[in-house]
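# build me a model:
(one chain, ligands or ions: 1)
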Amino acid sequence: MSSVHAIRFAATGGPEVLQWQAVDVGEPGPGEARVSHRAVGLNYIDTYHRSGLYQLPLPSGIGLEAAGVVEAVGEDVADIAIGDRVAYAGGPVGAYAQARLMPADRLVRLPDAIGFEQGAAMMLQGMTAQYLLRRTYRVQPGDTILIHAAAGGVGLIVCQWAKALGATVIGTVGSQAKAELARAHGCDHTIVYTRENFAERVREITGGAGLPVVYDSIGKDTSMESLACLRPLGVMVSFGSASGPVPPLDLGVLAKRGSLYVTRPTLFTYTAKRSDLLATAAELFEVVAAGKVRIDINQRYPLRDAARAHRDLEGRLTTGSTILIP
Ligand SMILES: NC(=O)c1ccc[n+]([C@@H]2O[C@H](COP(=O)([O-])OP(=O)(O)OC[C@H]3O[C@@H](n4cnc5c(N)ncnc54)[C@H](OP(=O)(O)O)[C@@H]3O)[C@@H](O)[C@H]2O)c1
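Residues are numbered from 1 along each chain as shown. Sure thing, here's the model as predicted:
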């Protein structure tokens, strides 16, 4: 097999550690498939891997999401065949590549209606939105919910999906322009949390009642105030750390604020079983096909410019989903 190019890194650090290198992909072993990528998804977790917040053995590839065509399959692969259009979201890392080997049981066949770019843009963020809204806390019609970074990749999908489920959506955003974008995606109330105290605004919006659930992917800067947004027995879903890790939590705070629940979920747990992976993806494909959720690809970069994409993502310059073109 001729060599292809991939982004790899040998030391953790800023975006400059990402290197465009020739790599040998090799032939798929038992249970594996070789996928030729057409589009690669950019996700915030990639920056945690690169910076070392989440540690990987080095040197390493990077990236957890892509869409492409199956070029070869190893022994014992029953579900996936050469020529299949597939996408995936999850480990092992190494999606920032023109082609790669993947465990075949992590691949999902793309419906005809979903293109490669759309597939690469939505698998990770969209399946995350699915488990957050449908499983971690099951959003009911009439619920009012809070999603932070409402104009981001996960954020715009959550706004639309929660709205389609009959919820009133409150979203925090870093700028007025992002507030407008979130509103255009079903967000009923936007709060520019860099200027306003969002917990106070939530109290106003809910007439003091508080919320059944807060979806917090910001971490350090927002976690304590997010708890202050909840009603008794409310659920704090801490699913990311864009501003840094959540500081240690005194469980007494949960008692004082009304028997609250806190969970720290990951997509990887929710899709660990193949049956869950396929059901989660199927529900995502369904809401996209029905037009309830639109996947906005607002940035595209050549894969070899992944460092620039990381700078823009961490600099809060992106909105919606971002893809890298191999
Ligand atoms: N646990 C899981 O299963 C799971 C799965 C997918 C994603 N996530 C998490 O969900 C979050 C969103 O992921 P995404 O890929 O869709 O990214 P994203 O929301 O498109 O980008 C991150 C956003 O976070 C906001 N932010 C607030 N404080 C920030 C800071 N100090 N530095 C940088 N950004 C800051 C920015 O929006 P504003 O300018 O509007 O504040 C920024 O655009 C990430 O925290 C990610 O780790 C978790």
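
# whichever helix or strand residue 35 is part of and the ligand in contact?
Following DSSP states H and E, the helix or strand that holds residue 35 is strand 32-41. No - taking CB under 6 Å from any ligand atom as the criterion, strand 32-41 and the ligand are apart, separated by no less than 8.7 Å. C-betas here are computed from N, CA, C, even on glycine.

# which strands and helices sit next to that strand?
Strand 32-41 is packed against strand 65-73, strand 85-89, strand 99-103, helix 116-131, strand 321-325, with contacts defined by 3 or more CB pairs under 8 Å, 6 or more residues apart in numbering; DSSP states H and E.

# one more time with 7 Å
Strand 32-41 sits against strand 65-73, strand 99-103, helix 116-131, strand 321-325, with contacts defined as 3 or more CB pairs under 7 Å, 6 or more residues apart in numbering; DSSP states H and E.

# the helix or strand just after that strand packs against which elements?
Moving toward the C-terminus from strand 32-41, the next helix or strand (DSSP H and E) is helix 44-51. The contact analysis (3+ CB pairs under 7 Å, 6+ apart) places helix 44-51 against helix 306-314.

# residues touching the helix it packs on, excluding its own?
The list of residues contacting helix 306-314 from outside it, by CB atoms under 7 Å, 6 or more residues apart in numbering, reads 7, 15-16, 18, 42, 44, 47, 50, 96, 299, 301, 318, 322, 324.

# among the helices and strands packed on strand 32-41, which comes closest to residue 92?
Nearest to residue 92 among these is strand 99-103 (7.7 Å), distances taken as CB to CB.

# what residue lies at the spatial centre of the chain?
The chain has residue 125 as the residue nearest its centroid, 3.1 Å off, counting by CA atoms, centre = their mean.

# what about residue 36, how many residues nearby?
Counted with other CB atoms under 10 Å, the neighbours of residue 36 add up to 17.

# whoops, residue 136 was the one
18.

# what does the stretch 201-326 of the chain have sitting close to the ligand?
Residues of the stretch 201-326 of the chain lying near the ligand (CB under 6 Å from any ligand atom): 217-218, 221, 239-243, 265-267, 313-314, 316, 318.

# can I get the buried part of the residues you listed as one PyMOL selection?
Buried members of those, defined by 16 or more other CB atoms under 10 Å, are picked up in PyMOL with:
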select buried, resi 217+218+221+239+240+241+242+265+267+313+314+316+318
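
# which among the residues of the stretch 201-326 of the chain next to the ligand gets closest to the ligand?
residue 240 (2.3 Å; CB to the nearest ligand atom).

# look up how far residue 227 lies from that closest one.
Using CB to CB, to the nearest Å, we find residue 240 at a distance of 16 Å from residue 227.

# nearest residue to residue 155 in space, please, no chain neighbours.
Distance criterion CB to CB, 6 or more residues apart in numbering; nearest residue to residue 155, sequence neighbours excluded, is residue 149 at 4.7 Å.
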